[in-house]
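Asks: Need a 3D model of the sequence below.
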Amino acid sequence: MSVVTTEIANEVALVTINRPAQMNSLSADVRAGLVETFAALNTNREVKVAILTGAGDRAFCAGLDLKELGAGGAHPSAIVEDPNDPVSTLHRFTKPIIGAINGVAITGGFELALACDILLAASTARFADTHGRVGIMPGWGLSQKLSRAIGISRAKELSLTGNFLDAATAEAWGLVNRVVPPGELLAQVHKLASDMAQMPLEILTTYKKLIDDGFALPFGEAVAHEKQVSGAYNAGVSAADIEARRAAVQARGRSQ
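Replies: Below is the predicted model:
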């Protein structure tokens, strides 16, 4: 049985961490499987959007497999320093990733969720940063990304207590885009992915990179960067290209 499965349909790839009995924890095989899967999808031009979720209804991902580590698996420091860890692989993925948070996302699983571009959560989902309670420091970006997502004081509350954050509060704090009933999660995520997949692949990858690169800059520099990128990109767009898409944009606007 594969610990990471992939289903591709209609230019959308559904990637599932498939260890439900182990709360979809990040064993060495899962980490390697995620790296291999997303590297392959990144070069697959038949895929425009990826969805990441966990098997079952209990866990999106419960973090590193502590049982495996306790039995002599790779030391946490070696895992963090590995440039091919799954979170870095998701960061290198050039296409949109939608996280379908179907259950708990704990510690390394929380970091995996934060590496997605957009999060939709089941109403039963919960998030927790238990690095401190385990006695280790995060190394996949959580200490910096979480504060930028929900504010520094809220991030400190979560990380310095290890307490769980329920889905409704995660939505109110801006961590997830929206919360849906568990039975509707994948359908709504696929609908969102389908909307994205209607865009040309080059637009999706270029626009995602523009947003991410600008977010890492001070505001003034980010605006200047947008001008530079858009000037170069838009110079290659003809009036005929715009006209060809105008009718489709108008029709979609009337139907929404």
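Asks: tell me the pLDDT at the nearest residue to Glu7 once chain neighbours are set aside?
Replies: Counting by CB to CB, 6 or more residues apart in numbering, Glu7 lies nearest to Leu14, which is 4.5 Å off, once chain neighbours are set aside. (Each C-beta comes from the backbone N, C-alpha and C, glycine too.) Predicted confidence (pLDDT) for Leu14: 98.
Asks: Provide the strand pairings for the strand or helix carrying Leu14, with the direction of each partner.
Replies: In the assignment (DSSP states H and E), Leu14 maps to strand 12-17. Here strand 12-17 is paired, per DSSP bridges, with strand 4-9 (antiparallel), strand 49-54 (parallel).
Asks: got the contact list for that strand?
Replies: For strand 12-17, contacts defined as CB atoms under 8 Å, 6 or more residues apart in numbering pick out 3-8, 24, 26, 30, 34, 37-38, 41, 44, 47-55, 60-61, 186, 190, 193-194, 197.
Asks: Now restrict those to buried residues only.
Replies: Among the contacts of strand 12-17, those classed as buried by 16 or more other CB atoms under 10 Å are 3-4, 6, 24, 26, 30, 34, 37-38, 41, 47-55, 60-61, 186, 190, 193, 197.
Asks: picking that back up, now the strand holding Leu14: buried residues?
Replies: Buried residues in strand 12-17 (16+ other CB under 10 Å): 12-17.
Asks: Tabulate those residues in CSV, adding columns for distance to Leu119.
Replies: What follows is the buried residues of strand 12-17, written out as CSV (distance: CB to CB, whole Å):
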residue, distance to Leu119
Val12, 16
Ala13, 17
Leu14, 16
Val15, 15
Thr16, 16
Ile17, 15
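Asks: how about the strands of the stretch 101-250 of the chain, start to end?
Replies: Assigned by DSSP state E, counting those that start in this stretch, the strands in the stretch 101-250 of the chain fall at 104-106, 118-122, 126-128, 165-166, 178-180.
Asks: and of these, who's closest to Arg92?
Replies: With CB to CB as the measure, strand 118-122 is the member of those nearest Arg92 (17.4 Å).
Asks: Of the buried residues of strand 12-17, which pair is most distant in space?
Replies: Val12 and Ile17 (17.3 Å).
Asks: For Val3, give me the backbone phi and psi.
Replies: phi -80, psi -10 (degrees, to the nearest 10).
Asks: Who are the contact partners of it?
Replies: Taking CB under 8 Å, 6+ apart, one finds 17-19, 27, 29-30, 33 in contact with Val3.
Asks: Now the buried members of those residues.
Replies: 17-19, 27, 30, 33.
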